[in-house]
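*Asks:* Please work out how this folds:
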Amino acid sequence: MAVRLLWMGLALLGIAQVQGQARPQIPAPSLHRVPLQINFLPEEFQGTWYVVGLSGNAFRRAEDAQSKMYTTTYELQGDNSYKVTSRLLRGDRCDTFVRTFVQKGQPGQFTLGNIESYQLQDYVVRVMTTNYNEYAMVYFKKTVDNTDYFKITLYGRSEDLRPELKEGFVRLSKSMGLTSDNIIFPVKVEECIHVKA
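*Replies:* Residues are numbered from 1 along each chain as shown. As a prediction, this is how the structure comes out:
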């Protein structure tokens, strides 16, 4: 469990210190298989999102079942990058992680600003689908030591989403090669997530 919590924190930061973690058995899908939101609207996407679901090739349901819900706030900057702030509960304290996502390629696709300082070979963020006011599904891939770690995040504008959105998230995750064992729905908490990032 401790290793998984560490991975979540590292995934939030994009930091590459994953030496103690086994290489994922499920490869990351090629980017052409990952949907991209058509006509992405940067201003509509900004704001606070609750992390309602997570899936990825480094997640294991048995070990991550007690992961806690957290929030991520996207603040659009003048250069169309986002200042991204995540707040999560660790133990009995709130941790805050801030990073910059810089547009790369098509609208709705980003990379990590100042990627060199994170010791990553590559970092991709891709908004797969969103209706902006209720949900979003976002793909993240980081490359560390020639190994691809990927995750898909189900965001909600509120802590609760309609069951059909969660079912769609499960289907999308499985279409990317993941299994039920790689999909988790973080436990709701009151601490940290209701404080403005």
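*Asks:* tell me the contacts of the residue nearest to the spatial centre of the chain?
*Replies:* Centrality entry for the chain: nearest residue to the mean C-alpha point is residue 153, 4.4 Å, by CA atoms, centre = their mean. By CB atoms under 8 Å, 6 or more residues apart in numbering, residue 153 lies in contact with 51, 53-54, 72, 137-138, 140. (Glycine included, C-beta is placed from N, CA and C.)
*Asks:* which intervals of this protein have sub-threshold pLDDT?
*Replies:* Applying pLDDT under 70 to the chain flags the ranges 1-22, 64-65, 195-197.
*Asks:* Show me the helices in the protein, by range?
*Replies:* With DSSP state H as the definition, the chain shows helices at residue ranges 2-13, 42-45, 61-64, 163-175.
*Asks:* For the second one, list every residue counted as buried.
*Replies:* Of the residues in helix 42-45, those buried under the neighbour-count criterion (16 or more other CB atoms under 10 Å) are 42, 45.
*Asks:* Can I get the buried part of the contacts of residue 153 as one ChimeraX selection?
*Replies:* Buried residues among the contacts of residue 153 (16+ other CB under 10 Å), as a ChimeraX selection:
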select :51,53,54,72,137,138,140
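*Asks:* Give me the nearest residue to residue 104, chain neighbours excluded.
*Replies:* Once flanking residues are discounted, residue 104 sits nearest to residue 111: 4.3 Å by CB to CB, 6 or more residues apart in numbering.
*Asks:* Report the beta-bridge partner residues of the one you found.
*Replies:* residue 102 (DSSP bridges).
*Asks:* Check the gap between it and residue 187 for me.
*Replies:* Per CB to CB, to the nearest Å, residue 111 is found 31 Å from residue 187.
*Asks:* Could you do residue 124 as well?
*Replies:* From residue 124 to residue 187 the distance is 28 Å (CB to CB).
*Asks:* Looking at these two, which one has more neighbours?
*Replies:* Higher neighbour count among residue 124 and residue 187: residue 124, with 20 against 10, using other CB atoms under 10 Å.
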